[in-house]
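[1] here you go, sequence then predicted model.
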Amino acid sequence: MITAINLESKAVKKKPLLYSILLISILSFISKIIGLGREGVVAAYLGTNIESDVFFLAFGIHAALTYIIGSSLAMAYLPIFVDESRKNGEEEAIKLTSSLLSQLLIFSLSCWLLQCPFFISARKRREEETYLFPLPLL
């Protein structure tokens, strides 16, 4: 009788896991289809010129930085959040998260504001002369 109860509890645990795996797989597939559509729209709109090169360069840098920062925050911050939640309660852990996100937002906005003059000067230079390689536009 005890084994029957254990088997039933294990079966209940497997169903949500399989559901979650299926859901993540379907959402990943949909994301890939949307990404393919995005690439088609960009190729149709920009074609093969210097603007498309700059777009793909900027998008690649952004994607890489997002992946690096996002994965490092997830790996480093989740244990801190769980520890803070266990020690001081969930409300304090949420306050810590809010503080971290506020600091990250201020840092991101500061970086964005500092780079604006470079993009403006690059656009003025682009109007004056044409480059064969997109690096001088940065």
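    In hand now; what should we look at?
[2] and the most centrally placed residue in the chain, how close does it get to Val54?
    With distances taken as C-alpha atoms, centre = their mean, the residue of the chain nearest its centroid is Thr66 (4.5 Å). Plainly put, Thr66 is 18 Å away from Val54 if you go by C-beta to C-beta, to the nearest Å. Just so you know, the C-beta spots here come from the backbone N, C-alpha and C atoms, and that holds for glycine as well.
[3] check Gly70 too.
    Taken as C-beta to C-beta, the span from Gly70 to Val54 is 24 Å.
[4] what of His62?
    12 Å.
[5] also Leu78?
    Plainly put, Leu78 is 36 Å away from Val54 if you go by C-beta to C-beta.
[6] what about these two, which has more around it?
    Using other C-beta atoms under 10 Å as the criterion, Leu78 and Val54 rank with Val54 on top: 18 against 10.
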